[in-house]
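Engineer: Return a 3D structure for these sequence lines:
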Amino acid sequence: MFLTLYVDDILLAGNKLEMINATKQWLSSTFEMKDMGEARYVLGMETVRNPPKKILGMCQEAYIKRVLERFRMHHSKPGDTLVDLES
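Structural biologist: Next up is the predicted model:
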């Protein structure tokens with residue numbers, strides 16, 4: 001199980017729901033907290049889940065769009081970046 005903390009936000013992730021629930025129960029008995037349910041966004045990044053394949057990932061598309069807008073580059077044309085997979 002992973003417990004990540006950023007200022008006053010906690011994100012729990014793990015493969016055993018019982019452990020996550022027990023941790024949430026302990027935390028709520030120790031601190032005042034709200035259970036916000038499954039995380040959709042974390043630090044501006046979208047979480048991507050595929051439980052049958054046991055995949056948890058992050059998508060930075062929304063974050064990148066905000067950065068491009070902030071620097072007035074949102075009208076730029078996207079391009080591919082080649083990656084050497086043999087290194």
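
Engineer: which residues of this structure score low on pLDDT?
Structural biologist: Across the chain, the ranges flagged by pLDDT under 70 are 87.

Engineer: what about the strands in it?
Structural biologist: When assigned using DSSP state E, the strands of the chain occupy the ranges 2-6, 9-13, 41-42, 45-50, 55-59.

Engineer: In contact with Cys59, which residues?
Structural biologist: Applying Cβ atoms under 8 Å, 6 or more residues apart in numbering, we find Cys59 in contact with 45-48. The C-beta positions use only the backbone N, C-alpha and C, and glycine is treated the same way.

Engineer: Recalculate using a threshold of 7 Å.
Structural biologist: With contacts taken as Cβ atoms under 7 Å, 6 or more residues apart in numbering, Cys59 has the following neighbours: 45-46, 48.

Engineer: Got the domain ranges for the protein?
Structural biologist: Residue ranges for the domains of the chain, per automatic domain parsing: 1-37, 39-75.

Engineer: Many thanks, have a good one.
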